[in-house]
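J.: Let me see the structure of the following:
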Amino acid sequence: MERILVGFPVLLSGKEGDMAVLVKKFALTLEETFSLPVELIDERFTSRLADQQLKEIHLNRKERTAKLDTAAAAILLQAYLDGKK
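T.: Here you go, the predicted model:
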């Protein structure tokens, strides 16, 4: 089934902060615009994990910064897919 996954920036405590409220509004707009279900996926620690993985392949700070969001998104997607198995 087609769907749109959106990283959900909850606080470390699990509570929703200001950014989470904005992301929820964005998700509703996506749902209405594309007529597809939108799932919010907890994105805590994805950037930290991505940075660690990029360090392991010996990228310097500038290279890691350039690839961080893409790597974090890949981690988020993989976690979602692993949860569906």
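
J.: Touching the longest helix along the chain from outside, list them.
T.: Looking across the chain with DSSP state H, the single longest helix is helix 61-83. Here helix 61-83 makes contact (C-beta atoms under 8 Å, 6 or more residues apart in numbering) with 5, 7, 39, 41, 43, 46-47, 49-51, 53-55, 59. No exception for glycine: its C-beta is placed from N, CA and C like everyone else's.

J.: repeat that for 6 Å
T.: Helix 61-83 is contacted from outside by L5, G7, I41, E43, T46, S47, L49, A50, L54, using C-beta atoms under 6 Å, 6 or more residues apart in numbering.

J.: okay, who's weakest in those residues by pLDDT?
T.: Minimum pLDDT for these is recorded at S47 (89).

J.: Spatially nearest residue to that residue, not counting backbone neighbours?
T.: The shortest distance from S47 to any non-neighbouring residue, by C-beta to C-beta, 6 or more residues apart in numbering, is to A72 (4.8 Å).

J.: Same question for T46.
T.: Of all residues beyond its chain neighbours, the one nearest T46 is A72 (4.2 Å), with distances taken as C-beta to C-beta, 6+ apart.
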